[in-house]
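Visitor: What follows is a predicted structure for the sequence shown.
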Amino acid sequence: MKEPNLRQHLLSPYELYSFLLSHFGAQHWWPAETPFEVIVGAVLTQQVAWKNVEKAIENLKNANVLDSSKISNLPIEKLEVYIKPTGFYRQKARRLKSICSYICSEYNGSLKDLFNKEISSLRAKLLSLNGIAPESADSIILYAAEKPSFVIDAYTRRICERLQLTNELDYESLKKFFENNLPENVGIYKEFHAIIVELGKNYCKTKPVCKNCPLNKKCKSYTQDK
DNA sequence: ACCCAGGTGGCCC
DNA sequence: GGGCCACATGGG
């Protein structure tokens, strides 16, 4: 993995953060009531609009099964029905159940014990689980464990590409790029990613031109995909 | 009738 | 390290 370069003529991550924060305001993310709900949401939101996740979480709450031991004991068919709105429901049900079983068997259902690790070993643990890759792992570390691990998602990559913030666009390079150029601060990491998602949902679409995007004025190169 | 959404794992080269 | 594919529902 190459060291990501900061292109000097363009926005730095912190300048981008400041600009977006002043434009969108604080988001106070992640939309969940408990750390465990963050984990469930992180798995369910994979490649799916958050609106669908809300329905699934609601189903789990109504069924009173939003709990690691309850999910690990739930018949897979029932879990599939609850999370159906999030798509890929057979995969996600299987993975969610195995993640919950892991939490129960290894940590007796206590996320505190799981989260009471150094970031690097916590991340390695999470990444070893089926259904948790870098974005989900970092989301869980940042928003559930509340430790500084910057989250990269499709919007982040798209923005970096269009603004030409950095030349390396693979996950770990982008993560390192942001972490190397921001204060190591949980609050900033949380808000930055939340605001990027807010920007992405509203403006940073896959279509070549994103009308009315506040970044259009900020950077002329932010007009189209290559 | 398309295209897209806060990815991931498996398989290939 | 990439590129390609399956996975599946709901909204525009």
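Guide: Here it is on my side, so go on.

Visitor: With residue A:11 as the reference, measure out to the residue nearest the centre of chain A.
Guide: Residue closest to the average C-alpha location in chain A (Cα atoms, centre = their mean): residue A:139, at 4.2 Å. Using Cβ to Cβ, to the nearest Å, residue A:139 is found at 24 Å from residue A:11. For the C-beta atoms, the positions are set from N, CA and C on the backbone; glycine is no exception.

Visitor: Check which helices and strands the longest helix seen in chain A is in contact with.
Guide: Longest helix of chain A, by residue count under DSSP state H: helix A:89-107. Here helix A:89-107 touches helix A:35-44, helix A:68-73, helix A:76-83, helix A:111-115, going by 3 or more Cβ pairs under 8 Å, 6 or more residues apart in numbering; DSSP states H and E.

Visitor: and the ones you listed, which is most packed in?
Guide: Highest mean neighbour count of these: helix A:35-44, a mean of 23 (counted as mean count of other Cβ atoms under 10 Å).

Visitor: That one packs against which elements?
Guide: Judged by 3+ Cβ pairs under 8 Å, 6+ apart, the packing partners of helix A:35-44 are helix A:50-62, helix A:89-107, helix A:111-115, helix A:134-139.

Visitor: re earlier: next, format the helices and strands packed on helix A:89-107 as JSON lines and append mean pLDDT and distance to DNA strand C.
Guide: Formatted as JSON lines, these follow (pLDDT from 0 to 100; distance: least, Cβ to the nearest atom of the strand, whole Å):
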{"stretch": "helix A:35-44", "mean pLDDT": "98", "distance to DNA strand C": "11"}
{"stretch": "helix A:68-73", "mean pLDDT": "98", "distance to DNA strand C": "17"}
{"stretch": "helix A:76-83", "mean pLDDT": "98", "distance to DNA strand C": "8"}
{"stretch": "helix A:111-115", "mean pLDDT": "97", "distance to DNA strand C": "25"}
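
Visitor: Now do the longest helix of chain A against helix A:35-44, angle only.
Guide: 140 degrees (axes from the mean of the first three to the mean of the last three Cα atoms, to 10 degrees).
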